[in-house]
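>>> need coordinates for the following:
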Amino acid sequence: MRNKIWVSNKLQHKFLERGHTQNENDSIHAAIEHSSRGKSVYTTPQWAATVRDARKKNPYHVVELDSDDFFDFKGLSQAIPNFEFDEDAQKIRWMKIKTVSFDENNYGIVKLTMTLHPLELISV
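Purely as a prediction, here's the structure:
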């Protein structure tokens, strides 16, 4: 059974704060890394099996996806040709970006924030 996909007309991507990435998933990643040591893993199905086998008792649940489960953002990237400067001709400091937002109602406009405060937007 496939998972249902909820489609929104808005997309917001939040970037992690450098040095603040430790979470409960770190132990999962460590188990998968340990499970893959000494194995030749080349394909997606091999990775899925490696993840399932990373924990013998109570194995991880793996949902395998195919290409139809992903969205192609190529058209959006072509609609917004300039990613170097914002609409005020200020150079964008990409390493400082905290959020990137796209909205169907404002097609062709990318909203950025340099902080996690939603009111400090920069438009591209």
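>>> run through this structure and note the low-pLDDT ranges.
In the predicted model, the chain carries pLDDT under 70 at residues 1-8, 19-22, 76, 80-82, 116-124.
>>> rerun that using 80 as the cut-off
Along the chain, segments meeting pLDDT under 80 span 1-8, 16-26, 73-83, 106-109, 115-124.
>>> where do the helices sit along it?
Per DSSP state H, the chain carries helices over the ranges 25-36, 44-52, 74-79.
>>> list of residues touching the shortest one?
Looking back up the chat, that one is helix 74-79. Defining contact as CB atoms under 8 Å, 6 or more residues apart in numbering, one finds that helix 74-79 is touched by Phe102, Tyr107, Gly108. For every residue, glycine as well, the C-beta is placed using N, CA and C.
>>> how many neighbours does the closest residue in space to Asn105 that isn't next to it in sequence have?
In this structure, Asn105 finds its nearest non-sequential neighbour in Asn9, 7.1 Å apart by CB to CB, 6 or more residues apart in numbering. Counted with other CB atoms under 10 Å, residues neighbouring Asn9 total 8.
>>> list the residues that contact Asn9.
Neighbouring residues of Asn9 by CB under 8 Å, 6+ apart: Asp103, Glu104, Asn105.
>>> return the subset of those lying in strands.
Among the contacts of Asn9, the members found in strands (DSSP state E) are Asp103.
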